[in-house]
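> Quick one, structure for this:
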Amino acid sequence: PHPQPEREGMFHRGPGLNLTSGQYTAPIAGYYSFTATLHIVRREQRRKRQPCRGNRLRVLICVQSRCQHNSNLETVSRLESGSDLFTISVTGVLYLQAGQYTSVFVDNAAGSPLTIQSGSDFSAILLGV
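Numbering: from 1, shown residues only. As a prediction, this is how the structure comes out:
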């Protein structure tokens, strides 16, 4: 039996996704296509005191929680000063051994608290072995 979706509109097939930990574990070794789309709200802004270089946000999909350059997918976005809602996506292909897991990380250099909104998603699809 496959786990049932947690909420309406959620598609979930296969045993690899753990909704409690937020990790996807590869059932078999192979190439997987990953996508994470995060809807992010910036809770407070420091417009005057915030340096320009501090408006950067990185979203990563990492293997085994190791975010080295050769074992992750990464996107970097500069947050616009006039907006409090952002959508950031990262996508790509990673090779996983059976039993290895991936998870999504947010590196917040924006200087303001961020909240990940409902409707954000994380998916993994086996492309081939």
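> so how far is Ser118 from the spatially most central residue of the chain?
By Cα atoms, centre = their mean, the mean C-alpha position of the chain lies nearest to Val104, the distance being 3.5 Å. Relative to Ser118, Val104 is positioned 15 Å away (criterion: Cβ to Cβ, to the nearest Å). Any C-beta I mention is one placed from the backbone N, CA and C, and that applies to glycine too.
> Quick check: closest non-adjacent residue to Ser21.
Ranked by Cβ to Cβ, 6 or more residues apart in numbering and with sequence neighbours excluded, the top spatial neighbour of Ser21 is Ser103, at 7.5 Å.
> What helix or strand is the one you found located in?
Using DSSP states H and E, Ser103 maps to strand 101-109.
> looking just at contacts, which helices and strands does that strand meet?
For strand 101-109, the elements it packs on are strand 23-25, strand 30-42, strand 56-63, strand 85-96, strand 114-116, judged by 3 or more Cβ pairs under 8 Å, 6 or more residues apart in numbering; DSSP states H and E.
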